[in-house]
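Colleague: okay, predicted coordinates and the sequence, questions at the end:
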Amino acid sequence: MSNAEIAAALEELAVLYQLDGADRYRVLAYTNSARTIRDQGVSVEEMAIRGEVTALPGVGKTLEEKILALIETGEIPAAAKLKEKLPPGLIEINRIPGLGPKTVRRLHDELGVTGPDDLRAAAEAGRVRELKGLGAKSEQSILEGLDRLAEEPSGPSRMLLDEVLPLAEDLVAALREHPSCERAEIAGSARRMSDTCKDIDLIATSESPQVLAVHIAAYEAVASAGKASANGVRLETHLGVGVDVRIVAPDAFGNLLQHFTGSAAHNTLLREVAVSEGLHVSEHGITDDETGQSETFRTEEQVYERLGYRYIEPELRENRGELEAARAGELPELVERSQVRGDLHCHTTLSDGQNSLKEMAAAAEQLGYEYLAITDHSASHGFGDGVPADDLLRRVEEIRQFNEESEGIRLVAGSEVNIDRDGTLDYDDEVLAELDWVIASIHTGFSKSESAMTARMIAAIEHPAVDCIGHATGRLLTRRDPYPLNIEAALEAAARSNTAFEINGSPKRRDLSDIHARMAKQAGVKIVLNTDAHRAGSFDYMRYAVATARRAWLGPADILNTGPWWK
DNA sequence: GCCGTTTTCGGCCCGACTGTTTTCAGTCG
């Protein structure tokens, strides 16, 4: 059972408890533990079987028992019991914005609602407004929520970072161009460079906040806007992305930026620790219990300093030990994009790329790179894009020729070689011996068992010709789950045989993930930051590879292509 | 339900907005 499945079961139980009217801290305990479990790079199932799951923060005896029952029987007895009492349709209508557990429970108890269909009937018959505290507006918004639920049964999907970042940057520029805007920045998950975003958070400072809110609400990308107030405004863009704009006075910019950059888990722990030290933190300032005085700060550095921390880079703010490290002065030096000296994974028209060898080389040189590996797909790639061994060897010659004639960038002759179902590679060893750089990747047979996939991966890792493993888990963000793989065993093999792993910077992949890349560092495996560019413009994906590396606490010393070409 | 240099009980982060009421509960981020 995967960590995601265990986490989903605990989240479901949290919702059921909430609908049942349980103490909110009990509910919080389940949602927090679900997040912790989802964040683990290693199998929580195996931890639980070994009796080690209570070592995770927020997981105690009771949760251990429930997790073990889930693993053994496929369900948690407490959840099964609650489901008998509470119709499953209630969980569904709880997802309607504005309908929380308390209201859902009353709709059930007082109107006999069991799911979306009865709720629609009740709302259309005007019976919802008969409930105390609900009126015509609530009834209308419930009907609208039901329509959206019917359109998107699984809820609004998260968007890839590269889908929201350009929009966020446009909106920040639009804020900055207004004369009343003093400062504006991207906050939220986009600033933390998360894999995906639910919406965009922007913050700004202004002496006339309401004027600025009205200005941004009229921007061309905005489809509709809520009420523009002195605190900001909520926008919906034509791309369907929600945007929260928050505005404060200039002297509290640091507090606001810190607050809205998050993550929720980072801020919660930050505030809890502060309370234990007599300080209360909010977006408006830091209040001292003793004096009752509130302080505001213009920069985030000052906010963290006041609370006793070194400055924490946004990419680290996920409650993964960064606060403790910042107290102890043990935060890592993080890699920066300017330190990357070459890209070691790209495709040309020889396989499925859109630009020629020379075009790719020119684009990489333009970026200031010292070297670029050309790694077209191998013989059995399929889609008519495979490269037979003879074509590859001619390409190697072409690259040698290029390097002799070129004063600038050095091209590295490589290939992205398929790992077949049995763990063998699809070029002969003599062909591979002609190459300077071999990436091995899995592109087929994703549905095998974990042990089979792991054995296959380790066979490739141990192949003497292989330098690096490409997009190791095969995940496609928001579209395809990673195939089953024992990443710990793979990393251990890689450390032994001195094989690198890439962080694939394609915003669809970000693979290794931040969590796995951090495990790789701890296992002593070297990382390569790559783009897997299929056209020259995609070399910019390096920003996402760098972002994942930073989220994994990696510094330049952990990454091979921050140095000169070494082979 | 978890947790502990206030440790086995009694706490557990903070504020804005909405819709409904005239002071607030529920929801959300």
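Modeller: On my side now, so go ahead.

Colleague: the one helix or strand residue A:173 maps to packs against which elements?
Modeller: In the assignment (DSSP states H and E), residue A:173 maps to helix A:161-176. Under the contact definition 3 or more Cβ pairs under 8 Å, 6 or more residues apart in numbering; DSSP states H and E, helix A:161-176 sits against strand A:181-187, helix A:188-191, strand A:196-197, strand A:200-206, helix A:209-217, strand A:242-248, helix A:542-551. C-beta here means a position set from N, CA and C on the backbone, and glycine is covered the same way.

Colleague: generate JSON lines for these, with mean neighbour count and mean pLDDT as supplementary columns.
Modeller: Below are these laid out as JSON lines (neighbours: other Cβ atoms under 10 Å; pLDDT from 0 to 100):
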{"stretch": "strand A:181-187", "mean neighbour count": "20", "mean pLDDT": "95"}
{"stretch": "helix A:188-191", "mean neighbour count": "23", "mean pLDDT": "96"}
{"stretch": "strand A:196-197", "mean neighbour count": "20", "mean pLDDT": "96"}
{"stretch": "strand A:200-206", "mean neighbour count": "25", "mean pLDDT": "94"}
{"stretch": "helix A:209-217", "mean neighbour count": "21", "mean pLDDT": "92"}
{"stretch": "strand A:242-248", "mean neighbour count": "22", "mean pLDDT": "93"}
{"stretch": "helix A:542-551", "mean neighbour count": "25", "mean pLDDT": "98"}
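
Colleague: quick check on the residue in the stretch 451-567 of chain A positioned nearest to DNA strand B: phi, psi?
Modeller: Of all residues in the stretch 451-567 of chain A, the one sitting closest to DNA strand B is residue A:478 (18.0 Å; Cβ to the nearest atom of the strand). Backbone dihedrals for residue A:478, given as degrees, to the nearest 10, come out at phi 70, psi 0.

Colleague: check the burial of it by counting its neighbours.
Modeller: 13 (other Cβ atoms under 10 Å).

Colleague: show me where chain A dips below the pLDDT cut-off.
Modeller: Within chain A, no range satisfies pLDDT under 70.

Colleague: against residue A:236, how distant is residue A:223?
Modeller: 5 Å (Cβ to Cβ, to the nearest Å).

Colleague: ignore what I typed, I meant residue A:99.
Modeller: 20 Å.

Colleague: how about the secondary structure of residue A:381?
Modeller: Here residue A:381 is recorded as coil under DSSP: H, G, I helix; E, B strand; the rest coil.

Colleague: you'd agree it is up against residue A:418?
Modeller: Yes: if you go by Cβ atoms under 8 Å, residue A:381 and residue A:418 touch, sitting 6.3 Å apart.

Colleague: those two: which is more packed in?
Modeller: Neighbours were counted for residue A:381 and for residue A:418 using other Cβ under 10 Å; residue A:418 has more, 24 against 20.

Colleague: show me the strands in the stretch 351-500 of chain A, by range?
Modeller: Taking DSSP state E, counting those that start in this stretch, the strands of the stretch 351-500 of chain A run over residues A:371-374, A:410-418, A:437-441, A:468-469, A:500-504.

Colleague: now find how far off-centre the first one is within its chain.
Modeller: Its chain's average C-alpha position is 28 Å from that of strand A:371-374, according to Cα atoms, centre = their mean, to the nearest Å.

Colleague: excluding its backbone neighbours, what's nearest residue A:105?
Modeller: The shortest distance from residue A:105 to any non-neighbouring residue, by Cβ to Cβ, 6 or more residues apart in numbering, is to residue A:19 (5.6 Å).

Colleague: would you mind listing what in the stretch 201-350 of chain A touches DNA strand B?
Modeller: Taking Cβ under 7 Å from any atom of the strand as the contact definition, the stretch 201-350 of chain A meets DNA strand B at A:201, A:226-227, A:229, A:231-232, A:234, A:244, A:264, A:267-268, A:271-272, A:274-276, A:280-284, A:287.

Colleague: the residue nearest to residue A:480 when sequence neighbours are not counted: neighbour count?
Modeller: Distance criterion Cβ to Cβ, 6+ apart; nearest residue to residue A:480, sequence neighbours excluded, is residue A:474 at 7.3 Å. Counted with other Cβ under 10 Å, residues neighbouring residue A:474 total 18.

Colleague: that older thread, ok, which of the helices and strands packed on helix A:161-176 comes nearest residue A:10?
Modeller: The closest approach between residue A:10 and any of these, judged by Cβ to Cβ, belongs to strand A:196-197 at 20.9 Å.

Colleague: which strands and helices sit next to that closest one?
Modeller: For strand A:196-197, the packing partners by 3+ Cβ pairs under 8 Å, 6+ apart come out as strand A:159-160, helix A:161-176, helix A:188-191.

Colleague: quick one: strands adjacent to that strand?
Modeller: As defined by DSSP bridges, the strand partners of strand A:196-197 come to strand A:159-160 (antiparallel).

Colleague: and the partner strand, how far out from the chain's middle?
Modeller: When C-alpha coordinates are averaged (Cα atoms, centre = their mean), strand A:159-160 and its chain have centres 9 Å apart.

Colleague: now stretch A:151-161
Modeller: Using Cα atoms, centre = their mean, the offset of stretch A:151-161 from its chain centre is 15 Å.

Colleague: same question, stretch A:262-269
Modeller: 15 Å.

Colleague: now it: buried residues?
Modeller: Across stretch A:262-269, burial judged by 16 or more other Cβ atoms under 10 Å covers A:262-263, A:265-267, A:269.

Colleague: pull the residues that contact that stretch.
Modeller: Residues outside stretch A:262-269 that contact it (Cβ atoms under 8 Å, 6 or more residues apart in numbering) are A:32, A:35, A:187-189, A:192, A:258-259, A:281, A:317-319, A:322-323.

Colleague: OK, contacts around the residue most central in space within chain A?
Modeller: Nearest to the mean C-alpha position of chain A, by Cα atoms, centre = their mean, lies residue A:195 at 2.7 Å. Residue A:195 makes contact with A:160-161, A:477, A:510, A:513-514, A:548, according to Cβ under 8 Å, 6+ apart.

Colleague: circling back: look up how far residue A:382 lies from the residue of the stretch 451-567 of chain A closest to DNA strand B.
Modeller: Counting by Cβ to Cβ, the separation of residue A:478 from residue A:382 is 24 Å.

Colleague: residue A:467 now?
Modeller: On the measure of Cβ to Cβ, residue A:467 and residue A:382 end up 23 Å apart.
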